[in-house]
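S.K.: Let's see this in three dimensions:
(2 chains)
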Number of protein chains: 2
Amino acid sequence: MKVTIAGGVHGNELIGIYIVKKLMRENFWLKDIAIDYLLANPKAIKECRRYIDYDLNRSFSQEALSKDSHIYEYERAKVLKKRLEDTDFLIDLHTTTANMGITIVLSKDDPLSANIAKILAREYENVKILRWFGTEEGNFINSCVKSSITIEVGPVCQGVLDASIFFNTLKVLKRALDILRKDEKMDEKVVCYDIYDYRDFPREDEELAGMIHPEFLGRDYQLLHHGDPIFLRFDEEEIFYEGEPSYPVFINEAAYYEKKIAFCLAKKNML
Amino acid sequence: MKVTIAGGVHGNELIGIYIVKKLMRENFWLKDIAIDYLLANPKAIKECRRYIDYDLNRSFSQEALSKDSHIYEYERAKVLKKRLEDTDFLIDLHTTTANMGITIVLSKDDPLSANIAKILAREYENVKILRWFGTEEGNFINSCVKSSITIEVGPVCQGVLDASIFFNTLKVLKRALDILRKDEKMDEKVVCYDIYDYRDFPREDEELAGMIHPEFLGRDYQLLHHGDPIFLRFDEEEIFYEGEPSYPVFINEAAYYEKKIAFCLAKKNML
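M.R.: As a prediction, the model looks like this:
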């Protein structure tokens, strides 16, 4: 079985990058598994930026992969798609500025990936499962492979390392490899969250007009009710949530300001 | 008296940028003071990056200002120097990923600036005074004017807003303007911190080999003793502080990784 461990799909998310570098340097290996270490966006890593021209993790749609382009990440996506051809399982490491602990993101309905996520979520109190089956912006790198998990950890600022989160992420990554190697199975149902909608910041003529409300900041995975404060405008007016009870995630993720996502809304389900 | 309020000297430090935009939109004014609102690095603000070619807040040395160059920030520095010619007082707004609360940075030995810093530090519990008289990398924007304070707030990630910190910063900024307007004076001595040295991360062949130690992270302005842990290497080895007792600041500031500064060391003095 060939497992690819990817860091640096986003060049300013340092934890994944330095976990990959550490394991490469230590020649970390496991019986029965061939590990391919991937630093996915070398130019962006060098410049410590999320991307050079376009978000690499939205560059894997058919359209992007099929046309010639001057977008560095579109060209890079073609190279990566080829490299991932014989990968059986992809583990993609990310960080978020949101207070999401360790989130296992599942990007398609795949039993092998779901099984690993469930075992991790049962074993570690701070591990949650989030299903996010793609965006209109373009496909994730996971779309290249049959089975995968994204390990998304936070809160971590872009461009910095956090030692506690680094070693917690590494522990979960190694356990995921272990589950794969031993082909462990779990039949019980486990809680998961399904993203179904987004909310943008208040804006005026496209320009930001407010921020996440201080009472809402950091409350990822905590049930949000109709009438709860979500934004505080620069003019100090409060804005309240309208909608059905939901679990918010990616609250105040730095990279999503330009995507017009202040936070995502998820429903709680059983997997 | 003409006061310039600058945001966006670093394009990904959003709090200063949106405070300046808010005050401009509200036409905020004060009797007896002419306020000039400055968004210092428009290209970097648009791209939400610290800078395009070089750190604008290190682009004000004679050398940078005197030569023609293809460095966007060097050219921008010349424009700003001209614009600041008739400014009596500059208030420059910054954020840091370090846990520094609200820090009033003084960049030269100037009685008017020191007086304002002292009044603010006495009035607000979370306001500290830090003296930093320049770096070898190049001069700060403050070097253009006779009197100035930098308001440096954290912890805030690059590229995000934090509503509590936003409104606390605005409160301190408005109080600073008030002190200027009323020409308030304070004669008591107040604690201040003087940066006198830096420490880089552990590295191997230039490459990062470790992170801030979890027990050290967030302990800005807390006395650091010989033998205290400061770094945790990727191979899990701990590294301990060697040197005289000092007050660390800018611990794990994202923008300083490339400057080879893991944290700065300061001495406590009276101002």
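S.K.: ok, A:Ile239 touching A:Ile230?
M.R.: Yes. Using CB atoms under 8 Å, A:Ile239 is in contact with A:Ile230, at 6.0 Å. Backbone N, C-alpha and C define where each C-beta goes, glycine included.
S.K.: Residues of the stretch 101-250 of chain A that sit close to chain B?
M.R.: A:155, A:157-164, A:166-167, A:207-208, A:211-214, A:217, A:232, A:234-236 (CB under 8 Å from any CB of the partner chain).
S.K.: How are the helices of chain A distributed by residue range?
M.R.: Using DSSP state H, the helices of chain A run over A:14-25, A:42-47, A:62-66, A:72-83, A:111-123, A:163-182.
S.K.: Out of the ones you listed, name the one with the poorest average pLDDT.
M.R.: Mean pLDDT is lowest for helix A:62-66 among the helices of chain A, at a mean of 89.
S.K.: among the helices and strands of chain A, which has the poorest mean pLDDT?
M.R.: helix A:62-66 (a mean of 89; mean pLDDT, DSSP states H and E).
S.K.: Need the contact partners of that helix.
M.R.: With contacts defined as CB atoms under 8 Å, 6 or more residues apart in numbering or on different chains, helix A:62-66 is touched by A:71, A:74, A:77-78, A:81, A:138-139.
S.K.: and if you look at stretch A:101-113?
M.R.: Outside stretch A:101-113, the residues touching it (CB under 8 Å, 6+ apart) are A:89, A:94, A:96, A:114, A:116-117, A:120-121, A:124, A:126-134, A:140, A:142-143, A:146-154, A:168-169, A:172, A:192, A:220-221, A:249.
S.K.: now those: which count as buried?
M.R.: Among the contacts of stretch A:101-113, those that count as buried by neighbour count (16 or more other CB atoms under 10 Å in any protein chain shown) are A:89, A:94, A:96, A:114, A:116-117, A:120-121, A:124, A:127-132, A:134, A:140, A:142-143, A:147-154, A:168-169, A:172, A:192, A:220-221, A:249.
S.K.: With adjacent residues omitted, what lies nearest to A:Phe231?
M.R.: Leaving aside its chain neighbours, A:Phe231 sits nearest to A:Ile239 (3.9 Å; criterion: CB to CB, 6 or more residues apart in numbering or on different chains).
S.K.: Check A:Asp200 too.
M.R.: Spatial nearest neighbour of A:Asp200, excluding adjacent residues (CB to CB, 6+ apart): A:Lys260 at 4.3 Å.
S.K.: Retrieve the pLDDT associated with the one you found.
M.R.: 97.
S.K.: How about the contacts made by it?
M.R.: Going by CB under 8 Å, 6+ apart, the list of residues near A:Lys260 reads A:198, A:200-201.
S.K.: Who wins on neighbours among the contacts of helix A:62-66?
M.R.: A:Ala77 (28 neighbours; other CB atoms under 10 Å in any protein chain shown).
S.K.: my guess is that one contacts A:Ser61, does it?
M.R.: No. With contact defined as CB under 8 Å, A:Ala77 does not count as touching A:Ser61 (9.0 Å).
S.K.: Give me the subset of the residues of the stretch 101-250 of chain A next to chain B lying in strands.
M.R.: A:207-208, A:211-212, A:232 (DSSP state E).
S.K.: where's A:Val249 relative to A:Ala114, distance?
M.R.: Noted for A:Val249: a distance of 18 Å to A:Ala114, by CB to CB, to the nearest Å.
S.K.: ugh, wrong one, I meant A:Glu85
M.R.: From A:Glu85 to A:Ala114 the distance is 23 Å (CB to CB).
S.K.: Equivalent analysis for A:Ile261, please.
M.R.: 25 Å.
S.K.: Same check on A:Gly138?
M.R.: With distances taken as CB to CB, A:Gly138 is found 24 Å from A:Ala114.
S.K.: go on, A:Gln158?
M.R.: 30 Å.
S.K.: A:Leu106 too?
M.R.: In terms of CB to CB, A:Leu106 sits 6 Å off from A:Ala114.
S.K.: and if you look at A:Tyr247?
M.R.: Where A:Ala114 is concerned, A:Tyr247 sits at a distance of 19 Å (CB to CB).
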